[in-house]
Every structure is written in structure tokens, then in C-alpha cells.
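S.K.: Sequence and computational prediction follow.
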Amino acid sequence: MAFSPDGRILASGSGDRTIKVWDTATGEKLRTLDWGHSDAITSVAYFPDGKLLASGSADATVILWYLAEGRVPDILTGHGEAVTSVAFSPDGKFLASGSLDQTVKLWDVAKAQELRTLKGYRDPVHCVAFSPDGRILAVRARDPAISLWDVATGRQIRILTGHTDAVRSVAFFPDGKILASGSEDRTIKLWDVATGAELRTLTGHTDPVFSVAFSPDGKVLASGSLDGTILLWDVAAVLGKQ
């Protein structure tokens, strides 16, 4: 699922190969996007202005839906297996897609063309996230490592290691200087993006951590786990900045 930038619309992908668009205030279904994909929808993401929606599918394609223009969608092909994650850069110039084929692709949104493929993973890629300034792409595969890539050059900047099991989610702090990661090892780690240093390890969950997210003001980190709980962390306190 993905909220529009103004929070008024929610898009949800389904195993029935459709995307439904909902009014969050009323719960009313506004439209159904049911053309193009031939297998389950695995990920959706809104363009920064909310007028474009990207969807990734188990059919190995990404579709760009031009919601406001009535334009025929663009189908992006090139992955060899299911697309698991899609994300727009904050300025909307780029789209990143991760796949079970162990690659990440960067796409030029305006041209609907592939720019480059980021390779070197030994496991399927399940999550991609842009830094707030759009310069860095964080990628996590099923192995415990997290890769940071320079978006402009396609060069791998560094690899973050420390988790002992698969990383399931990553999220940037609002200023882009810290990265949070949740793992099947039941921990959350905070990393210094500039140096790659591990800042803190947060423990408290009793099962794998599948989701992490910072509040917009950066004061709170939320973590969701298969143990059925969501934990809220005081970021300043855990970093020793009380």
C-alpha cells in the first residue's frame, strides 16, 4: 500500500492483479487499475506530486500509471523475476525497483527508460529506499548486509554489516544522516550514513522485525515485528542526545 503525498488517497495492490485507489476520508473506492499486470501486485509507490503511481508485480514488470493525465500507462521491462519493491526519488527524477533476480534497476521516470542495473547481490532484493536528498539509495537483500549506492554514478559507496540474519526493512532519518534497519535477528540497528558506523542496536522484539519508519520530525522511530507488537523508540534518547 502507499499513501498519496497529501494523505488523501491510498493505493493498494492485490494478488488479483489489480490496484485499487481509495479515498481515505470516506473509504470510498475511487478507481480500479486492472490493465497491464499478469500476476500479483507486490509494491506500489506514489510520485512526489501524487499524479503518477508506480506498481511492481510478480510478473517481473513495473507499470507507471499517469493518474491525472489519462495517458496510457508505461510498462517497464527488464527484470528477470518478480519485482518486490519500487520507490521514487524525492525529486521524482528516478524510480528504483528491486527484484527476486538479485538486481536493482534505476529508471528515468520522464523517459520511462532504464538508466542502469545495480548488481552484485547473492540474494533476492526486497527493499529499496532513497535518502531524503535523493543522492543515496539503500538496498537490502535477504542476506544481512545493506548496500548504499550513489544514485548519480551507480557506484556502491559502502556496505553496512552487523546484522546476523536477513534485513527486512530500511528507513532514512529525515535529514538523511542516519539509516535504521530491521532484521530477522530481532534487532533494529541505527547506522551513520556518512561513515557506515553502527551507532546503536535496539533490542526488545521477540520475533523478526519486518518494518521500521521514522516520524516526519525524526523524534520517534517505529518498529513492527512478527511478535505482534509495534515499538516506539525515542531517537534522541537511544542516541544519547537527551
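M.R.: Thanks, I have it. Numbers count the residues shown, from 1 in each chain.
S.K.: Phi, psi for Gly70 please.
M.R.: phi 70, psi 20 (degrees, to the nearest 10).
S.K.: can I get the CA coordinates of the helix or strand hosting Ala237 in PDB?
M.R.: Element membership for Ala237, per DSSP states H and E: helix 235-238. Output in PDB follows, covering the C-alpha atoms of helix 235-238 (Å, rounded to 0.1, in the frame of the first residue of the first chain):
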ATOM      1  CA  VAL A 235      15.500   8.600  18.900                       C
ATOM      2  CA  ALA A 236      17.400  11.200  20.900                       C
ATOM      3  CA  ALA A 237      17.400   9.000  24.000                       C
ATOM      4  CA  VAL A 238      18.700   5.900  22.200                       C
END
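S.K.: Flag every buried residue along stretch 193-202.
M.R.: 193, 196, 200, 202 (16 or more other Cβ atoms under 10 Å). Placement of C-beta: from N, CA and C, glycine included.
S.K.: Mind listing residues that contact that stretch?
M.R.: 131, 136, 148, 158-160, 162, 172, 176-179, 187-192, 221, 223, 233, 238-239 (Cβ atoms under 8 Å, 6 or more residues apart in numbering).
S.K.: From these, list just the buried residues.
M.R.: For these, a burial check counting by 16+ other Cβ under 10 Å picks out 131, 136, 148, 160, 162, 172, 176, 178-179, 187-191, 221, 223, 233, 238.
S.K.: From those, which land in helices?
M.R.: Of the buried ones among the contacts of stretch 193-202, the ones assigned to helices by DSSP state H are Val238.
S.K.: in the chain, what spans have low per-residue confidence?
M.R.: 241-242 (pLDDT under 70).
S.K.: Which residue ranges make up each domain of it?
M.R.: Per the record, the chain has its domains at 1-116, 120-242, by automatic domain parsing.
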